[in-house]
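Colleague: below are the sequence and a predicted model for it; my questions follow.
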Amino acid sequence: MSTTVSLPAPTAAPTRRVAWASMIGTSLESFDFYVFAYFSAYFIGPLFFDPLGSFGGTLASFSTIAVAFVVRPIGAVLFGHMGDRLGRRATLLWTVALMGVATGLIGALPTYAQAGWLGAILLVLLRIVQGLSLGGEWGGSILLATEHSGPVKRAFYAAVPQLGSPVGSILSAAVFIAMTLTMPAAQLAAWGWRIPFLLAIPLLAVSLYLRWSIDETPVFREVVAEGRRDRLPIATLFARRPAAFVIAIGAALLGIGSYSLMNTYTIDYGVSKLGFSFQDLLVATTIGALLQLITIPLFGVWANRIGSARVVAWGALGTLLITFPMYFLLQFATFPILVATMIIGGILPTMSWAALGGLMNDLFPDHFRYSALSVAYAIAATVSGFVPLLTLVLGQSTGYAWWHPGIILAVLSAVTFVAAVAAARRRAEPESGPEPETDADRDSVPAV
């Protein structure tokens, strides 16, 4: 006979401290990852892939960005297993340590002029380490926040770690802007490019301190006490929650894919085709990221009231409705329109992004939840990594018609909307108790 054990409701202050510490750790890890994207096009190609020429070096540097996305699901499986077997806190210490060390070592690599292809080989290896690390970061940070909170405010605390992505983006953009404004190009190319990567070392110390000071989550301690850990959590996931896993991937596509579209493709498209300056686009995207610092917590509060899945659905539906008008107005190429586009095009997908952690947390039982969140998110992130390429191909085939980015954004919105509606029809998983029923059993129960 199984016994359901009620978890004690944690006090508000420790929950807030854990949630914000989780967000800060995720912010610093996001900074480590994003800073490479800002510096890759300008410095990584010429410094490490010089024999390939201008185009070949740029292509190779962008490929080092892609390789981190490709290995991300592998990291999700590895660290998801650790998170469900060894604990959330211990796993997050590993992920942040690997990211910080790998980023710092990039700043110490020899260039092609100093050591030939050795630097490029080591760069690719360190990017693989970064990708593996990031594969286990998101799911763990969400669980660290939600599993320390009570059910009443869980949706809000699931939104707090989502602030890490815009904070990391803002910090990396600020470093890039400050360095390009204060250092001559020759100094940046000679040694200045190393500074942002070496900053990862002191930031690593901060991240490790914050995560070391946090206790293991009550939920995982309960799983251990009840002997409910799975030998292979990923196998249990596919056996017992295949439908929920597909729903989770679909729900994550808009929040991640819209970032790739707006902050990667749209910047290149705006400079090369619409006549914007790179500085204007960088300022506009930074304004959008700053606004997310306000909207993400507000959407988290809303998710507490109506449910995370419904907030994701409303964000996807709103994005679908404004997609084509937004890209039509962008053709007029004025800075106010650009800023308005980045704000509007950022707020509605951010609604889906803010509530994503709460939606996915409710989809899976606690004993394989780390694996489920990490792998589903990593697959969605890997798919989203191809969004700029697909949009570019569509643009070339349509003569860069004004609506071509809207097609991609509309598809992402539609998929996420359908997934969010499906998630809203499922009952939230309990935190502890007997072995859960399978998806087939759950689907036979009328939706509440």
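Modeller: Nice, I can see it.

Colleague: what is the least confident helix or strand in the chain?
Modeller: Lowest on mean pLDDT, DSSP states H and E among the helices and strands of the chain sits helix 439-443, with a mean of 55.

Colleague: need phi/psi at residue 86.
Modeller: phi -100, psi -20 (degrees, to the nearest 10).

Colleague: sorry, that was for residue 193
Modeller: Main-chain dihedrals, residue 193, degrees, to the nearest 10: phi -60, psi -20.

Colleague: what sits against it?
Modeller: 39, 43, 47 (CB atoms under 8 Å, 6 or more residues apart in numbering). Heads up, the C-betas are built off the backbone N, CA and C, glycines and all.

Colleague: how much space between it and residue 426?
Modeller: 48 Å (CB to CB, to the nearest Å).

Colleague: now do the buried residues in the helix or strand containing residue 132.
Modeller: Counting by DSSP states H and E, the element that carries residue 132 is helix 118-146. Of all the residues in helix 118-146, those buried under the rule 16 or more other CB atoms under 10 Å are 119-120, 122-123, 126-146.

Colleague: repeat that for stretch 281-300.
Modeller: By neighbour count on 16+ other CB under 10 Å, the buried set for stretch 281-300 is 281-286, 288-289, 291-292, 295-297, 299-300.

Colleague: tally up the residues packed near residue 67, please.
Modeller: 16 (other CB atoms under 10 Å).

Colleague: phi and psi next, for it.
Modeller: Note on residue 67: its backbone torsions stand at phi -60, psi -30 [degrees, to the nearest 10].

Colleague: out of everything not next to it in sequence, what's closest to it?
Modeller: residue 127 (5.5 Å; CB to CB, 6 or more residues apart in numbering).

Colleague: over to residue 109?
Modeller: The shortest distance from residue 109 to any non-neighbouring residue, by CB to CB, 6+ apart, is to residue 119 (4.8 Å).

Colleague: that neighbour reaches residue 113, doesn't it?
Modeller: No: between residue 119 and residue 113 there is no contact under CB atoms under 8 Å: 9.1 Å.

Colleague: list residues touching both of those two?
Modeller: Each of residue 47 lies in contact with both residue 119 and residue 113 under the rule CB under 8 Å, 6+ apart.

Colleague: next, count neighbours for residue 215.
Modeller: Residue 215 - counted by other CB under 10 Å - has 12 other residues nearby.

Colleague: one more: residue 74?
Modeller: Quick note: residue 74 (other CB under 10 Å) scores 15 neighbours.

Colleague: which ones are touching it?
Modeller: 132, 135.

Colleague: low-confidence ranges, this protein, go.
Modeller: 1-14, 40-42, 58, 152, 333, 431-448 (pLDDT under 70).

Colleague: now with 50?
Modeller: For the chain, the stretches flagged by pLDDT under 50 are 1-13, 433-434, 444-448.

Colleague: which stretches in it count as strands?
Modeller: Taking DSSP state E as the criterion, the chain contains no strands.

Colleague: show the contacting residues for residue 91.
Modeller: Contacts of residue 91 (CB under 8 Å, 6+ apart): 79, 82, 83, 136, 140, 370.

Colleague: can you name the two of those residues that are farthest apart?
Modeller: The most widely separated members of these, counting by CB to CB, are 82 and 140 (9.1 Å).

Colleague: looking at the contacts of residue 91, which is nearest residue 186?
Modeller: Closest approach between the contacts of residue 91 and residue 186, by CB to CB: residue 136, at 39.3 Å.

Colleague: burial of the closest residue to that closest one other than its chain neighbours, as a residue count?
Modeller: With CB to CB, 6+ apart as the measure, residue 79 is the residue that lies nearest to residue 136, at 2.3 Å, once sequence neighbours are left out. Neighbours of residue 79 under the rule other CB under 10 Å: 29.

Colleague: wait, residue 299 sits on residue 350?
Modeller: Yes: using CB under 8 Å, residue 299 is in contact with residue 350, at 7.0 Å.

Colleague: between those two, what contacts are shared?
Modeller: residue 315.

Colleague: would you mind measuring from the spatially closest residue to residue 255 that is not a sequence neighbour to residue 416?
Modeller: Sequence neighbours aside, residue 353 is the residue nearest to residue 255 in space, at 3.3 Å (criterion: CB to CB, 6+ apart). Residue 353 sits 10 Å away from residue 416, going by CB to CB.

Colleague: more neighbours: which of those two?
Modeller: Neighbours were counted for residue 353 and for residue 416 using other CB under 10 Å; residue 416 has more, 32 against 27.

Colleague: for that one, list the residues it contacts.
Modeller: Residues near residue 416 by CB under 8 Å, 6+ apart: 250, 251, 252, 253, 254, 255, 312, 315, 316, 352.
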